[in-house]
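Participant: Okay, here's the prediction I keep looking at, along with the sequence it came from:
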Amino acid sequence: MHMFADITESDIILSMPRKRPPNRLDQIADSATEVFIQQGFGQARIAEIAARSRVGPGTIYLYAESKDALYDLALRRSLEDPTLWELTLPHPAPDPGAVADAAWRCIQNAAHFPRLWLAADSSAPPAGISAEVDNILGELYGWLHRYRRAIKLIERSARDWPDVAQVFYRRFWRGGVRRVADYLGRRMEEGVLPRRTDPTAAAHMVAEVLTWAAVHRYWADGVSVSEDDVTLTIQPMLRSALMGSA
């Protein structure tokens, strides 16, 4: 008798490894991000993430071994981690500090502000300051808007993942505000921006207003602010507040 005579076609099919659809990881990570933001990490349930992903709960565990691992995937996805698809699946539960380390690496990869950096290290443009201020405000807004889900996820889960929040706010955010303050202070010293306020206070105002416009308005109840509203109202308002009459 042939040694494989008792093996049926269905036995072969059942023993084959399950293939993962190419976009399923992104789908699950995006759904996890939505649930973590809406309910908080502690209250989030795998079953609801699975339902939003339109898969069974068991499928989630083909991609993440635990809720901690799922949070790591969600954060990497929202920060556009280029190594996301190189991870071994199912993604194991991360070691202590590993999520914050990965977040910091992703933030460093994403943090590109060439207009701000150039302006902060250069003299005022001879053609005037208005276009420079507009370009910097637009650059900052664009970055915050692009990574708004990551920012909201970090904020919402700060109690459960304090090391991630610390990396974002103490290492990245403070440094970014300081860079804006350096730019404003330089232009005030040159006399092209009015010295009516402290540069650091002005930088915090810029950061807070742009963050509300780029991030928080999407999760604010009863608020309807369009991109046109931001472009035509909020950014010009900030420019006017900064420039006044030099």
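Facilitator: Arrived safely, thanks for sending.
Participant: does Val55 really touch Arg24, like I thought?
Facilitator: Yes: using C-beta atoms under 8 Å, Val55 is in contact with Arg24, at 7.4 Å. The C-beta positions use only the backbone N, C-alpha and C, and glycine is treated the same way.
Participant: For the two, list the residues in contact with both.
Facilitator: When C-beta atoms under 8 Å, 6 or more residues apart in numbering defines a contact, no residue borders Val55 and Arg24 alike.
Participant: what bits of this protein have low per-residue confidence?
Facilitator: Across the chain, the ranges flagged by pLDDT under 70 are 1-20, 245-246.
Participant: care to break it down by domain?
Facilitator: Here the domain parsing of the chain from automatic domain parsing is 9-94, 108-243.
Participant: how long is the longest one end to end?
Facilitator: I take that to be domain 108-243. One end of domain 108-243 sits 31 Å from the other (C-alpha to C-alpha, to the nearest Å).
Participant: buried stuff in the helix or strand containing Leu210?
Facilitator: Secondary structure assignment for Leu210, by DSSP states H and E: helix 199-214. Across helix 199-214, burial judged by 16 or more other C-beta atoms under 10 Å covers Pro199, Ala202, Ala203, Val206, Ala207, Val209, Leu210, Thr211, Ala213, Ala214.
Participant: Show the subsequent helix or strand relative to it.
Facilitator: Next along the chain after helix 199-214, with elements defined by DSSP H and E, is helix 227-229.
Participant: would you list every one of the strands in this structure?
Facilitator: In the chain, no segments count as strands under DSSP state E.
Participant: can you pull out the helices in it?
Facilitator: 9-15, 24-39, 46-53, 57-60, 67-78, 98-110, 114-120, 130-146, 148-156, 162-166, 174-190, 199-214, 227-229, 235-243 (DSSP state H).
Participant: Can you list the helices and strands that the fourth one packs against?
Facilitator: Right, helix 57-60. helix 24-39, helix 46-53 (3 or more C-beta pairs under 8 Å, 6 or more residues apart in numbering; DSSP states H and E).
Participant: tell me the most buried of the ones you listed?
Facilitator: helix 24-39 (a mean of 20; mean count of other C-beta atoms under 10 Å).
Participant: before we move on, back to that, so which of the buried residues of helix 199-214 comes closest to Ala158?
Facilitator: Thr211 (14.8 Å; C-beta to C-beta).
Participant: before we move on, the earlier item: with respect to Ala102, which of the domains of the chain lies nearest?
Facilitator: Closest among the domains of the chain, using C-beta to C-beta: domain 9-94, at 6.2 Å.
Participant: Work out the gap between that closest one and the centre of the chain.
Facilitator: Centroid separation for domain 9-94 versus its chain: 18 Å, with C-alpha atoms, centre = their mean, to the nearest Å.
Participant: residue nearest the centroid of this protein?
Facilitator: Ala150 (2.7 Å; C-alpha atoms, centre = their mean).
Participant: that older thread, with distance to Leu75 added, can I get the buried residues of helix 199-214 in CSV?
Facilitator: Listed next are the buried residues of helix 199-214 as CSV, based on distance: C-beta to C-beta, whole Å:
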residue, distance to Leu75
Pro199, 32
Ala202, 31
Ala203, 26
Val206, 26
Ala207, 21
Val209, 25
Leu210, 22
Thr211, 18
Ala213, 23
Ala214, 18
